[in-house]
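Student: I'll drop the sequence and a predicted model, then ask my questions.
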Amino acid sequence: MPSVKVPRKSTSTDMTPFVDIAFLILSFFMLATKFKPPEAVKVTTPHSVSSSQLKEQDAVLIEFDSSGKVYFTVNTKKSSDNSIKYDLIKGVNQAKNLGLTEGEMQNFVKNTTVGAPFSAIKQVLSLSADQRAKLKQPGIPVDTANNELATWIANAITAFQGHQLNYMVKGDNNAKYPSFKGVIEAFRANDQYKYQLITDPESAPYGTELYEIRQKNGGAKENE
């Protein structure tokens, strides 16, 4: 009896179900994946090589000296733009019930650098500009139990609404780590993770790309 040969046909696979599965898996990862939390702050040395300087901008400048005293300053693009500074100190006054007078708040607008706890802010702002220049302020508390710098940053964010606010940190070369940590914790308390470190610029190493760029720019000064 002759055998019957079954005609061979090419195998074909319907990929439609696989496309559906792929989109389901993609949707699952998009909805279930958590973004990587911010990395630990990298402590950089006070000296650095940079090809540019910080430009005039709306910014909060936080400084701490070798003894760990923290100071808070507000910079605006226009020296005449005092409404932001006024809104900031007004917000702090209301938040902490400092009882500042109109004149004391205007003193802050004229000279926004403060380096004292809230308990002493009224006394500091009651002084004249010359008296404040001679006064050795004790610094803003940034310890774990009482980080008052976080309140200043929170009110700065509110006052600068509608403006691009930048954060600059300037620390002494001999400052202890706890001061720097307290400043960073104040940023983290306000969900702010991007800031600029102000360092002492060094000369660009000979033969590097930055060195060649500076030479082409007419031998620009090395500290620029």
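Tutor: Alright, I've got the coordinates.
Student: mind exporting stretch 63-71 as CSV, just the C-alpha atoms?
Tutor: What follows is stretch 63-71, C-alpha atoms only, in CSV (Å, rounded to 0.1, in the frame of the first residue of the first chain):
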residue,chain,number,x,y,z
GLU,A,63,28.6,79.9,54.5
PHE,A,64,30.3,78.2,57.5
ASP,A,65,33.6,79.2,59.0
SER,A,66,36.3,77.1,60.6
SER,A,67,34.5,77.0,63.9
GLY,A,68,31.3,75.7,62.3
LYS,A,69,29.2,78.8,62.5
VAL,A,70,26.6,78.9,59.7
TYR,A,71,25.5,82.1,58.0
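Student: which residues are contacting it?
Tutor: 62, 73, 113-115, 137-142, 149, 169-176, 178-180, 182-183 (Cβ atoms under 8 Å, 6 or more residues apart in numbering). (Each C-beta comes from the backbone N, C-alpha and C, glycine too.)
Student: and if we set it to 6 Å?
Tutor: 113, 115, 139-140, 142, 170-172, 174-176, 179 (Cβ atoms under 6 Å, 6 or more residues apart in numbering).
Student: what of stretch 112-127?
Tutor: Residues outside stretch 112-127 that contact it (Cβ under 6 Å, 6+ apart) are 71-74, 85, 96, 98, 100, 104, 107-108, 137-141, 148.
Student: show me these that map onto strands.
Tutor: Using DSSP state E, the subset of the contacts of stretch 112-127 located in strands is 71-74.
Student: could I get those as JSON lines with pLDDT?
Tutor: As requested, these are arranged in JSON lines below (pLDDT from 0 to 100):
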{"residue": "Tyr71", "pLDDT": "91"}
{"residue": "Phe72", "pLDDT": "93"}
{"residue": "Thr73", "pLDDT": "90"}
{"residue": "Val74", "pLDDT": "89"}
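Student: can I get those in TSV with distance to Gln123?
Tutor: Below are these laid out as TSV (distance: Cβ to Cβ, whole Å):
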residue	distance to Gln123
Tyr71	16
Phe72	16
Thr73	19
Val74	20
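Student: what's the PyMOL line that selects buried ones from those?
Tutor: Filtering the ones in strands among the contacts of stretch 112-127 down to the buried ones (16 or more other Cβ atoms under 10 Å) takes a single PyMOL command:
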select buried, resi 71+72+73+74
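Student: which one of the ones in strands among the contacts of stretch 112-127 is nearest Arg188?
Tutor: Nearest to Arg188 out of those is Phe72 (Cβ to Cβ; 16.6 Å).
Student: residues contacting the closest one?
Tutor: 62, 114, 140, 152.
Student: can you pull out the low-pLDDT segments for this protein?
Tutor: Per-residue confidence for the chain (pLDDT under 70) gives these ranges: 1-16, 29, 32-56, 78-80, 200-224.
Student: remind me, longest helix of this protein?
Tutor: helix 16-32 (DSSP state H).
Student: in it, what counts as buried?
Tutor: Buried residues in helix 16-32 (16+ other Cβ under 10 Å): none.
Student: ok, which stretches of the chain are strands?
Tutor: 47-48, 59-64, 70-75, 166-171, 196-197, 200-201.
Student: now for the nearest residue to Gln196 once chain neighbours are set aside, how many residues are close by?
Tutor: The spatial neighbour of Gln196 that comes closest, neighbours along the chain excluded (Cβ to Cβ, 6 or more residues apart in numbering), is Met168 at 4.9 Å. The tally of other residues near Met168 (other Cβ atoms under 10 Å) stands at 17.
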